[in-house]
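Asker: got a predicted structure plus its sequence, pasted below:
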Amino acid sequence: MGKKRKPNPMRGIRMMGRSFELNIQRNGERQFINLETDDPAEAIQRAIKIRTDPTLQPESGFKKEIERFIAYKRKQKEYTEQTARSKKNIVLSFYSHLPEAVTPAKVTSAQVQGWHDKLVDEGLHSSTIHSYIMAVQAFFNWTITVAKIRRHHPMTGLRLVKLEGRARDSFCSFEERDRLINECDDEELKFILYCGFHAGMRFNEIVQAVPMWFDLTAGRIDLRKTPTMAFKDREERSVPMTREFRAFLAIYGKPHPFMIAPKAKKGKWVYRYDFRAKFMTFVDKKGLGWVTPHIMRHTFASLLVSAGESIYKVAVWMGDDVATVQKHYGHLAPDEGGIEKAFSDRHKVKPKPPQKKPRATRRKKAGRKPRRAPSRRSAPDDGADTPP
């Protein structure tokens, strides 16, 4: 009798994209279950568990599926730690809007539309709403293509609020920036305007700003990691504090534990505190409704580059790499007429005048013998008797 073949532990397991997938048949229906790993040994163990546990369900509770989604994105290196935290909070916010018994597989298009309309009623800017919708859309893409706990996308046919404002590359002029700051009577909102326009701080950096970041003696803003604020690579940075911002802070003070809304605590929402409704109401009254918190940061960089500041310094102050800043703001650098300078008369290389040839060479060309230089050893003939 021939030897029995050992069962192939990789049977039904195949690599799909960046992770292994199990091909299994249950109750006469073919299923493809993403094992969410690129390690063969780990894939085999998960496949064994699925095969031997007939009660195992592909779908678990909503919160657990969110955790699986975030873990998958982190493992695939599609989300950084900070991005993962932000996306998770957005999807959890969506989940809090749903009835308790709803699972990811049972979410309807009407429920997604209801959440979208609620964000509109709360006064969030259209660009913010679109970013939240995209985060939830990524979650449901995962439920269909990776977790395979849904067949159809619940966001099909969603009626989105129309994006408002100027193009992405718009920024305030010097006059618009200064008018918004000077005409603001709300001291906390004025602090927010200074952080965005004078320091290029991001939305969440303003929300999580703590007193120790602002060094009035040195005239510097040191953005450093705190228990509530994690930074990505290069985002920890120091930004020079303008004289105007410094004078304002001397009066505004340093509230504890946060520079704005110090008593607000992190809840179910994405951020500890959301100042956008107050911000958008103010800029709307000033006829600049297209200005968003991110436009402030964009203005900070744009005005600096257009004033002649180096791309490298702007990149350091913004916490971005130089290539990114060059790509988005390099075209704003003042035109120094480089090509005209290279071709203008005053910058042309003037030809050197012909050098005079040695005198001996000229005499030779004229057919005359060159003069012999007097020997240094011979004394000049002054008519005096010389010794024999």
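Answerer: Structure received. Numbers count the residues shown, from 1 in each chain.
Asker: low-confidence ranges, the stretch 251-388 of the chain, go.
Answerer: 267-270, 335-388 (pLDDT under 70).
Asker: again, only this time at 80
Answerer: Filtered on pLDDT under 80, the stretch 251-388 of the chain yields the residue ranges 266-271, 335-388.
Asker: distance from the helix or strand containing residue 248 to the middle of the chain?
Answerer: Using DSSP states H and E, residue 248 sits in helix 243-252. Relative to its chain's centre, helix 243-252 lies at 28 Å (CA atoms, centre = their mean, to the nearest Å).
Asker: elements contacting it?
Answerer: helix 187-199 (3 or more CB pairs under 8 Å, 6 or more residues apart in numbering; DSSP states H and E). Bear in mind the C-beta positions are built from the backbone N, C-alpha and C, glycine included.
Asker: buried set for the helix it packs on?
Answerer: In terms of neighbour count (16 or more other CB atoms under 10 Å), helix 187-199 has its buried residues at 188-199.
Asker: next structured bit after that helix?
Answerer: According to DSSP H and E, the helix or strand after helix 187-199 is helix 203-207.
Asker: right, and the helix or strand after that next one?
Answerer: strand 214-215.
Asker: now the helix or strand following that following strand: mean pLDDT?
Answerer: Sequence-wise, the next helix or strand downstream of strand 214-215 (DSSP H and E) is strand 220-223. Over the span of strand 220-223, the pLDDT mean works out to 96.
Asker: residue contacts, residue 111?
Answerer: Residues counted as contacts of residue 111 (CB atoms under 8 Å, 6 or more residues apart in numbering) are 97-98, 102, 154.
Asker: from residue 137, how far out is it?
Answerer: 14 Å (CB to CB, to the nearest Å).
Asker: same question for residue 44.
Answerer: Relative to residue 137, and taking CB to CB, residue 44 is found at 33 Å.
Asker: the two: who's more crowded?
Answerer: Taking other CB atoms under 10 Å, residue 44 and residue 137 do not tie; residue 44 has more neighbours (18 against 15).
Asker: Three-state assignment for the nearest residue to the more buried one once chain neighbours are set aside, please.
Answerer: Leaving aside its chain neighbours, residue 44 sits nearest to residue 9 (4.8 Å; criterion: CB to CB, 6 or more residues apart in numbering). Under DSSP: H, G, I helix; E, B strand; the rest coil, residue 9 falls in the coil class.
Asker: and for residue 9, the neighbour number?
Answerer: Going by other CB under 10 Å, the residues that sit close to residue 9 add up to 13.
Asker: and for the one 5 residues further on?
Answerer: Burial of residue 14 is recorded as 11 neighbouring residues (other CB under 10 Å).
Asker: strand partners of the strand or helix carrying it, parallel vs antiparallel please.
Answerer: Using DSSP H and E, residue 14 maps to strand 13-16. Partners of strand 13-16 in the sheet, by DSSP bridges, are strand 19-26 (antiparallel).
Asker: which parts of the strand it pairs with are buried?
Answerer: By neighbour count with 16+ other CB under 10 Å, strand 19-26 contains the buried residues 19-22.
Asker: which of these lies closest to residue 209?
Answerer: Among these, residue 19 lies closest to residue 209 (CB to CB), at 39.4 Å.
Asker: okay, that closest one and residue 290: tell me how far apart.
Answerer: Distance of residue 19 to residue 290, given as CB to CB: 42 Å.
Asker: kindly report the same for residue 328.
Answerer: With CB to CB as the criterion, residue 328 and residue 290 are 18 Å apart.
Asker: and residue 210, by the same measure?
Answerer: 30 Å.
Asker: what sits against residue 199?
Answerer: Counting by CB under 8 Å, 6+ apart, residue 199 has contacts 221, 239, 241, 245, 300, 317.
Asker: actually residue 134, not the one I typed
Answerer: Residue 134 neighbours (CB under 8 Å, 6+ apart): none.
Asker: check which helix or strand it maps to.
Answerer: Element membership for residue 134 (DSSP H and E) is helix 126-145.
Asker: next helix or strand past that helix?
Answerer: Following helix 126-145 in sequence, per DSSP H and E, is helix 174-182.
Asker: next, count neighbours for residue 313.
Answerer: Neighbours of residue 313 (other CB under 10 Å): 14.
Asker: pretty sure residue 33 is touching residue 20, no?
Answerer: No. Using CB atoms under 8 Å, residue 33 is not in contact with residue 20; the gap is 9.8 Å.
Asker: which secondary structure element contains the residue nearest the centre of the chain?
Answerer: Nearest to the mean C-alpha position of the chain, counting by CA atoms, centre = their mean, stands residue 320 at 6.7 Å. Under the criterion DSSP H and E, no helix or strand holds residue 320.
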